[in-house]
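# everything below, folded, please.
(one chain, ligands or ions: 1)
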Amino acid sequence: MDSHRQTLESAKKYLTTAASVAASAMLARTVVKEFLPNELRTLLSSGFDRLFSRVSTDSVIVIRQTERRWHISNELYDAAGTYLRTKISPALKRLRASKEKEKNNIIISLDDGEGLTDVFEGVEYKWQLMLQQETSSSRVGETSADVRWYELNFHSKYKDVTLNTYLPHILDRSKEIKAMDRRLKLHMNENDSWSEIDLHHPATMDTLAMDAQLKRTILEDLARFVKRKEYYKRIGKAWKRGYLLFGPPGTGKSSLIAAIANYLRFDIYDLDLKEVNRNSDLKSLLIEMTNKSMLVIEDIDCSVDLQNRDGEEGEKETKSHNNNDVTLSALLNLIDGLWSTSGEERIIVLTTNYKDQLDPALLRPGRMDMHIHMGYCGPDSFRVLASNYHAIDEHPLFEEIDCLLKEVEATPAEVAEELMRSDDADIALGALILFLQNKRKGEGREEILLESLRTDDGVIDGEKKPLEIGQGEDQTSAESK
Ligand SMILES: Nc1ncnc2c1ncn2[C@@H]1O[C@H](COP(=O)(O)OP(=O)(O)OP(=O)(O)O)[C@@H](O)[C@H]1O
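The predicted structure is shown next:
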């Protein structure tokens, strides 16, 4: 996106017009201005009239604005503008305007040469933006308006493939590009209604400090999920995916949620169950959610107070802390039923610091598809943080830090805090070493106390960990179902 903006900025700056069309320079400049991304969208709000004109072996499709609002052409004209914006080379220094011989048309070259060339499935397409000033007279006097259209040139033998494949591809790509450009929203609930703010969380999958293999697994899972519309339809399952994030505070559960939202360009619906008084309110909230969104319930263990644990799942009374009527079974039924069937491409994320305190109903197969353990900071995570905070990939102190991180349980949040202490990498890494050494001393004393509680099988009483599938970094794991 930035490179496009730069291109457009530099295109604007370096605009030159051919000497022969000096009189048209003002008009051309207007078009160039309109190539700024936001304005482009307004410019391209209309449609096209399709016509083929044969010039020797070339075919030309004219994609033109039209008065008819809902004409298919509107969509394609709009899509062409969006699509071409991503195709303009960052190296482009100027937009060239020239006048067509014996015509009033001005050609705006979208590259340095003859026209922007796009190669798709081996076929070469040349795009030109055309511009004409049309004057019309009426009783109130003469008015003039700019008429713009795209000309798409290609060899006539590719006419079918163009209509059947290339133009649909442009429509699809433009939808994807628009989805990427869209501002993300964070929705928060108050009783039975959502309020929204723009989501500007800077976390991305790149800046997230976690075990490299686990990160790859999550990314692959997400990428597979969004491509599987037909698959979910075929198997008769709702197109949704559930992730349970668990781990100590400060290990990046909220950061991962934001990173997923930024990666998929999904809005977040942050559901605070304590704010919901009745199951009917919960239902209203879930119905209002849009597609391509994430339902997030943080600290699920604190949001609902589990009672009657021994009863059947459907009978479990799970009330929230402020004694409202919302039950866990209602939440689960709504998510499995209405929420899943009334929308698509939905993700649900539950977080907890204490997975072992969760109701088994939440952990049942098919409910949360992937259990992701956000663990303490290991060498992989530390490398990401060092790169985030100090833009360094290597440093003589790394080895010592790696050794300490293997011995000490420090959260990424704690490590990040130390790294922020100074802009000087040497000082910050030194502070981190000191912090880890102090922590190790503290833990050493604790270890001695815990030693007396150790049972025969080596497990510390009350500390028995749930069985997890570990991957990569020692303290990080994922269970995928
Ligand atoms: N894995 C991580 N990668 C990058 N930064 C992290 C990570 N974990 C923590 N941080 C840093 O620490 C801050 C707090 O982390 P975050 O809120 O994501 O943790 P959490 O696990 O959700 O904590 P809690 O359980 O208390 O909600 C973040 O804003 C970020 O700066």
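# rest of the way, CA atoms for contacts and neighbours
OK.
# let's verify the residue of the stretch 51-200 of the chain found nearest the ligand: helix, strand, or coil?
Relative to the ligand, the nearest point of the stretch 51-200 of the chain is His200 (12.6 Å; CA to the nearest ligand atom). Recorded secondary structure, His200: coil (DSSP: H, G, I helix; E, B strand; the rest coil).
# so what's the residue count around it?
12 (other CA atoms under 10 Å).
# what pLDDT is listed against it?
Among the per-residue scores, His200 holds a pLDDT of 88.
# repeat for the one 4 residues further on
Thr204 is assigned 94 on the pLDDT scale.
# that one touches Arg265, doesn't it?
No. At 11.1 Å, Thr204 does not count as touching Arg265 under the criterion of CA atoms under 8 Å.
# give me the more crowded residue out of these two.
Between Thr204 and Arg265, Arg265 has the larger neighbour count (other CA under 10 Å), namely 21 against 17.
# chain neighbours aside, what residue packs nearest to the more buried one?
Distances taken as CA to CA, 6 or more residues apart in numbering put Met180 closest to Arg265, at 6.1 Å, once the chain neighbours are dropped.
# specify the beta-bridge partners of Lys293.
Lys isn't right for residue 293; it's Ser. Asp267, Arg346 (DSSP bridges).
# list the contacts for it?
266-269, 345-347 (CA atoms under 8 Å, 6 or more residues apart in numbering).
# ok, now Phe246?
Going by CA under 8 Å, 6+ apart, Phe246 touches 253, 351-355, 371-374.
# change it to 10 Å
Neighbour list for Phe246: 252-253, 299, 350-356, 371-375, 478 [criterion: CA atoms under 10 Å, 6 or more residues apart in numbering].
# repeat for Met420
Residues in contact with Met420 (CA under 10 Å, 6+ apart) are 386, 389-390, 428-429, 431-432.
# what pLDDT does it get?
pLDDT at Met420 comes out at 94.
# and what of Lys178?
For Lys178, pLDDT reads 85.
# remind me which helix or strand the residue nearest to Arg265 belongs to.
Element membership for Met180 (DSSP states H and E) is helix 167-181.
# Lys185 touches Thr290, doesn't it?
No. Shown here, Lys185 and Thr290 do not form a contact pair, counting by CA atoms under 10 Å, at 11.1 Å.
# which residues do the two both contact?
When contacts are counted by CA under 10 Å, 6+ apart, the set common to Lys185 and Thr290 consists of 266-269.
# show me which residues of this protein are close to the ligand?
Contacts of the chain with the ligand, taken as CA under 6 Å from any ligand atom, map to 208-210, 248-255, 353, 412-413.
# ranges for the helices of the stretch 251-400 of the chain?
Here the stretch 251-400 of the chain has its helices, by DSSP state H, counting those that start in this stretch, at 253-264, 279-288, 300-303, 328-334, 340-341, 360-363, 379-390, 398-407.
# dump the residue contacts of Phe400.
Heads up, residue 400 is Glu, not Phe. Counting by CA under 10 Å, 6+ apart, the residues that Glu400 touches are Ile433.
# against Lys406, how distant is it?
Separation of Glu400 from Lys406 (CA to CA, to the nearest Å): 10 Å.
# does Glu298 touch Thr352 like I think?
Yes. The criterion here is CA under 10 Å, and Glu298 meets it with Thr352 at 6.7 Å.
# so what sits against both of these two?
Residues touching both Glu298 and Thr352 (CA under 10 Å, 6+ apart): 244-245, 253.
# which single one of the residues you listed is nearest to the ligand?
Among those, Lys253 lies closest to the ligand (CA to the nearest ligand atom), at 3.7 Å.
# tell me the contacts of the nearest residue to the closest one once chain neighbours are set aside?
Excluding its sequence neighbours, the residue lying closest to Lys253 (CA to CA, 6+ apart) is Leu245, at 6.2 Å. Counting by CA under 10 Å, 6+ apart, Leu245 touches 252-254, 256-257, 298-299, 349-355, 368, 370-374, 478.
# in strands, which of the residues you listed appear?
Secondary structure from DSSP state E places 349-352, 370-373, 478 of the contacts of Leu245 in strands.
# among these, which one has the most neighbours?
The most crowded member of the ones in strands among the contacts of Leu245, judged by other CA under 10 Å, is His373 (25 neighbours).
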